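J.: Build me a structure from this.
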Amino acid sequence: MSLTGTAFFVVLVASTALAVVVTIALWARVRGPRVVRWAVQAVMIGVCQLTAISVVAVWINNSYGLYASWDDLMGTDNTTALTMPGPPVDRAKFSKGTQDGVLDTYFRGRRSMLSGQVLVWTPPQYDEAAYRTKRFPVLMLLHGVPGSPQSWLEHGGMPGDFADLLAQRAVHPFILVMPVVNPGSVDTDCSDLPGHKVATWLSADVPDLVRSKFRTLSGPSAWGVAGYSTGGFCAVKLPLQFPKVFGAGAALDPDPLTGDTSVLTDPAVRRRNAPTHMVKGTKARVSFFLATSRQDRLSPASSIEQFVAAASGTPVEIRTQLLSSGGHNYNTWKAEYPEAFTLLSQWLRAPR
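T.: This is a model prediction of the structure:
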């Protein structure tokens, strides 16, 4: 019987109720010397307490995802995957953030077993009567490393800058989703590594959460990803790796698209997860906006040019932007927002 299953929880509740009923029924019927009666009654009280404590413990575990299985609880799980604590999707609760109606949650993904923060902003139209029955496209925003989902709010101008473009009718409404890209502060360049499946976290678990809690359109034609720096690298990698999930990506001053030797030290692993190598001969029908600045040494234009050359002859659609000035910072990335979000609105479906 599964540790986190409903059946086990129901059995515990029933056992607690039964223990109380039996204790009440037999309390006065215990026979024998006083010491024996006290001992038997003490055992009966102990059984009642043990079952009641078990019910509370299992409820807490199911709510917060402390242990995923009996092996996990007993420390006998021999799998290499890391299991992080956190509530599963069905028990994840969103709380209202402090900025522009942004919602905040923390949950554990069912497939990756990783946990992390996810921020969500719904556009004004989401709550309007005219859109009450409509579903919305989703745009995942990926932060850099170091950084966090909160970086989009504190430094990246979100969701205000996007709302301004929406008010100008330069873009159509999206649900903006800002997940952590390095759960547990482990940077994998959004790759699946033994024991730390970040690609699965971003491509499966986070979408599962959003689909279960919000009215979303389905299919890659309604799901896109945008990011800056390391998040920009991931915004190219994920649609290539999961074209059935994401149909478009926007990379703002991405890390070199050949991969970071300090993050993925194994050359074979790095090559498998590097967009420039992944795009060669791909059959993925995805679209990308790639932008950087001539002055950004951490995101050289040559890296984007190399990617464009590697994508030649594939179905991949690419648009680029090269700013004349600007470093690897939020001022540069904000300057790239209008083109990036306008193109994503053209490539991805509007609410319907």
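J.: Off-centre distance for the lengthiest helix in the chain?
T.: As assigned by DSSP state H, the longest helix anywhere in the chain is helix 34-64. Mean-position distance between helix 34-64 and its chain equals 39 Å (CA atoms, centre = their mean, to the nearest Å).
J.: What mean pLDDT does that helix get?
T.: Average pLDDT, helix 34-64: 83.
J.: and that helix, what does it pack onto?
T.: Judged by 3 or more CB pairs under 8 Å, 6 or more residues apart in numbering; DSSP states H and E, helix 34-64 is in contact with helix 6-26. (Glycine included, C-beta is placed from N, CA and C.)
J.: show me where the stretch 151-300 of the chain has helices.
T.: All helices of the stretch 151-300 of the chain, identified by DSSP state H, counting those that start in this stretch, fall at 160-167, 198-200, 206-213, 230-241, 267-272, 275-278.
J.: Pipe those into TSV and attach mean pLDDT and distance to Phe307 per row.
T.: Putting the helices of the stretch 151-300 of the chain into TSV (pLDDT from 0 to 100; distance: least, CB to CB, whole Å) gives the following:
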stretch	mean pLDDT	distance to Phe307
helix 160-167	97	26
helix 198-200	97	19
helix 206-213	98	25
helix 230-241	98	7
helix 267-272	95	14
helix 275-278	98	5
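J.: Most tightly packed of these?
T.: Neighbour counts (mean count of other CB atoms under 10 Å) averaged over each of the helices of the stretch 151-300 of the chain peak at helix 230-241, with a mean of 28.
J.: got the contact list for the spatially closest residue to His328 that is not a sequence neighbour?
T.: Using CB to CB, 6 or more residues apart in numbering and skipping residues adjacent in sequence, the residue nearest His328 is Leu298, 4.4 Å away. The contact partners of Leu298, by CB atoms under 8 Å, 6 or more residues apart in numbering, come to Ser229, Asp253, Asp255, His328.
J.: For the last one, give me its contacts.
T.: Residues in contact with His328, defined by CB under 8 Å, 6+ apart, are Ser229, Asp253, Asp296, Arg297, Leu298, Ser299.
J.: I'd like to know which of the helices of the stretch 151-300 of the chain is closest to Ser345.
T.: Among those, helix 160-167 comes nearest to Ser345, with 8.7 Å by CB to CB.
J.: Does the closest one pack against any helices or strands, and if so which?
T.: With contacts defined as 3+ CB pairs under 8 Å, 6+ apart, helix 160-167 has these neighbours: helix 330-347.
J.: how about the helix it packs on as CSV, C-alpha atoms only?
T.: In CSV, the C-alpha atoms belonging to helix 330-347 read as follows (Å, rounded to 0.1, in the frame of the first residue of the first chain):
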residue,chain,number,x,y,z
TYR,A,330,18.7,44.1,-17.3
ASN,A,331,18.9,47.3,-19.3
THR,A,332,20.0,45.4,-22.3
TRP,A,333,17.5,42.7,-21.9
LYS,A,334,14.6,45.1,-21.4
ALA,A,335,15.6,46.8,-24.6
GLU,A,336,15.0,43.4,-26.3
TYR,A,337,11.6,42.8,-24.8
PRO,A,338,9.4,44.6,-27.5
GLU,A,339,10.8,42.6,-30.4
ALA,A,340,10.9,39.3,-28.4
PHE,A,341,7.3,39.4,-27.0
THR,A,342,5.9,40.8,-30.3
LEU,A,343,7.4,37.8,-32.2
LEU,A,344,6.2,35.3,-29.6
SER,A,345,2.7,36.7,-30.0
GLN,A,346,2.9,36.1,-33.7
TRP,A,347,4.2,32.6,-33.4
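J.: That one - contacts with which helices or strands?
T.: In terms of contacts (3+ CB pairs under 8 Å, 6+ apart), helix 330-347 is packed against helix 160-167, strand 223-229, strand 248-254, strand 287-293, strand 317-323.
J.: Sort out which residues of that helix are buried, please.
T.: Neighbour-count burial for helix 330-347, counted by 16 or more other CB atoms under 10 Å, picks out 330, 332-345, 347.
J.: Could you give the separation of that helix from the chain centroid?
T.: 22 Å.
J.: now the angle from it to strand 248-254?
T.: Computed by axes from the mean of the first three to the mean of the last three CA atoms, to 10 degrees, the angle separating helix 330-347 from strand 248-254 equals 170 degrees.
J.: before we move on, back to that, reformat the helices of the stretch 151-300 of the chain as a markdown table; add distance to Pro123.
T.: Output for the helices of the stretch 151-300 of the chain, formatted as a markdown table (distance: least, CB to CB, whole Å):
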| stretch | distance to Pro123 |
| --- | --- |
| helix 160-167 | 6 |
| helix 198-200 | 28 |
| helix 206-213 | 14 |
| helix 230-241 | 20 |
| helix 267-272 | 37 |
| helix 275-278 | 29 |
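J.: Which one of these lies nearest to Cys48?
T.: Comparing those by CB to CB, helix 206-213 comes nearest, at 37.3 Å.
J.: where in this structure is pLDDT low?
T.: Within the chain, the ranges that satisfy pLDDT under 70 run 1-5, 61-83, 97-98.
J.: Just give the nearest non-adjacent residue to the residue nearest the centre of the chain, would you?
T.: Closest to where the C-alpha atoms of the chain average out (CA atoms, centre = their mean) is Val206, at 3.4 Å. Computed as CB to CB, 6+ apart, the closest residue to Val206 that is not its neighbour in sequence is Pro179, at 4.6 Å.
J.: what's near enough to touch that neighbour?
T.: Here Pro179 is in contact with Gly116, Gln117, Val118, Leu119, Met140, Leu142, Pro149, Trp201, Leu202, Val206 (CB under 8 Å, 6+ apart).
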